[in-house]
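>>> Next one to model:
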Amino acid sequence: MLEVRADNSTAHRLYEKSGFSQVGRLMSHYYDGEKYHDSIIMESFVGGYDVKTVAISQPMYFPWAGFIDMMRLADTFIWLDDVQFSKGSFTNRVQIKMPQGSKWMTVPLLGKGSFQVIGNLREGNEFWRKQHRLLLKASLKNSPHLALVLEVFDRVTGYSPLNEALVASATEVAKTLGVLPSQCLRSSEMGIPGKSWQRIIDLVSAVGGTLYISGNGGVRYLDHLAFERAGLRVEYMDYRLKPWKQSYGEFTPYLTCLDLLAARGHNSRFHLTSETVPWRRRLEDLGIS
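Modelled structure (predicted):
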């Protein structure tokens, strides 16, 4: 356990990267000869400085570049493929940019995917591959690396069943950019039951993880103190994608990662510059007590 001045942000980040997390705050604790300052109490929840980072997500169809950036930061990535499909999620759809604006590119699902776990989803017809390929060619026709995008797309859409293609739509892009985590697992094959944040704790612990990184959707439902009691740190994505030239309109990062790949090819990795922030800081930033 250690103390550091609350306004010493450089020291905070150094200790956080070394495995320390904030556990308390001492008000007006330090006097510098002119005024009092708060002190932050920090504690390490991992043995030594050996950190193993784990990220967990449902499969998503050619997800946005921020998702690939989260994969870049993980040592182990777990695909949560044994939970129920949620209509309107990004599991089977993603946006592309057309001259008239953004457009959804959606994989049709048998029975609309109702009451199915993601791993059991089946495609509703066999024509979507050709349709999506044509959409990508129209969207990215002026991009310098369209051929690479189509090569990745054809490889991914050759996977079967559909869940394998959904997983591959992210892993093949990450592999192309050299940012694929060293270990990728499927929750359906791990034999770890449970629900909500407790299952996340169990999955991370099962692979020897010490740090769980999450998208911002977990802020309001994770029990952060339960993670710390289990010896796990929690940090949230701080998305910092460097913009790239897009075919139409003003820049937006919320498109398929294929948009970045088409523009920058193998140099796309240099646009993936996101970091993570400890959960207490994220809650403070959001004004959540």
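
>>> where do the helices sit along the stretch 151-289 of the chain?
For the stretch 151-289 of the chain, the helices defined by DSSP state H, counting those that start in this stretch occupy 162-177, 196-206, 224-229, 257-264, 279-286.

>>> elements contacting the shortest one?
Okay, so that is helix 224-229. helix 196-206, strand 233-238 (3 or more C-beta pairs under 8 Å, 6 or more residues apart in numbering; DSSP states H and E). C-beta here means a position set from N, CA and C on the backbone, and glycine is covered the same way.

>>> of all those, which lies closest to residue 116?
Closest approach to residue 116 among the helices and strands packed on helix 224-229 is made by helix 196-206 (19.2 Å; C-beta to C-beta).

>>> Which positions in that closest one come out as buried?
Buried positions in helix 196-206, judged by neighbour count with 16 or more other C-beta atoms under 10 Å: 197, 199-201, 203-206.

>>> one step back: next, format the helices and strands packed on helix 224-229 as a markdown table and append distance to residue 54.
Formatted as a markdown table, those follow (distance: least, C-beta to C-beta, whole Å):
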| stretch | distance to residue 54 |
| --- | --- |
| helix 196-206 | 5 |
| strand 233-238 | 10 |
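
>>> TSV for the ones you listed, including mean pLDDT and distance to residue 79?
What follows is those, written out as TSV (pLDDT from 0 to 100; distance: least, C-beta to C-beta, whole Å):
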stretch	mean pLDDT	distance to residue 79
helix 196-206	96	11
strand 233-238	97	17
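
>>> How many residues are close by residue 217?
10 (other C-beta atoms under 10 Å).

>>> How much space separates it from residue 122?
27 Å (C-beta to C-beta, to the nearest Å).

>>> Then residue 105?
18 Å.

>>> more crowded one of the two?
Set side by side, residue 105 and residue 122 show unequal neighbour counts under other C-beta under 10 Å, the larger going to residue 105 at 20 against 14.

>>> what about stretch 136-147, average pLDDT?
In this model, stretch 136-147 has a mean pLDDT of 97.

>>> er, stretch 87-98 actually
96.

>>> Going by neighbour count, list what's buried in that stretch.
In stretch 87-98, counting by 16+ other C-beta under 10 Å, buried: 90-97.

>>> Just put the residues you listed in JSON lines and tack on secondary structure and distance to residue 271.
As requested, those are exported to JSON lines (DSSP: H, G, I helix; E, B strand; the rest coil; distance: C-beta to C-beta, whole Å):
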{"residue": "90", "secondary structure": "coil", "distance to residue 271": "20"}
{"residue": "91", "secondary structure": "coil", "distance to residue 271": "25"}
{"residue": "92", "secondary structure": "coil", "distance to residue 271": "25"}
{"residue": "93", "secondary structure": "strand", "distance to residue 271": "23"}
{"residue": "94", "secondary structure": "strand", "distance to residue 271": "18"}
{"residue": "95", "secondary structure": "strand", "distance to residue 271": "18"}
{"residue": "96", "secondary structure": "strand", "distance to residue 271": "18"}
{"residue": "97", "secondary structure": "strand", "distance to residue 271": "16"}
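
>>> Find the pair from those residues with maximum spatial separation.
Going by C-beta to C-beta, the pair spanning the buried residues of stretch 87-98 furthest: 91 and 97, at 20.9 Å.

>>> For residue 168, give its distance to residue 180.
Taken as C-beta to C-beta, the span from residue 168 to residue 180 is 11 Å.

>>> contacting residues around residue 34?
Residues counted as contacts of residue 34 (C-beta atoms under 8 Å, 6 or more residues apart in numbering): none.

>>> Tell me the secondary structure at it.
Assigned with DSSP: H, G, I helix; E, B strand; the rest coil, residue 34 falls in the coil class.

>>> sorry, back to before: out of the helices of the stretch 151-289 of the chain, nearest to residue 55?
Using C-beta to C-beta, the nearest of the helices of the stretch 151-289 of the chain to residue 55 is helix 196-206, at 9.4 Å.

>>> Give me the contacts around the closest one.
Residues from elsewhere that reach helix 196-206, judged by C-beta under 8 Å, 6+ apart: 54, 56, 78, 187, 190, 192-194, 212, 218, 221-223, 226-227, 230, 232.
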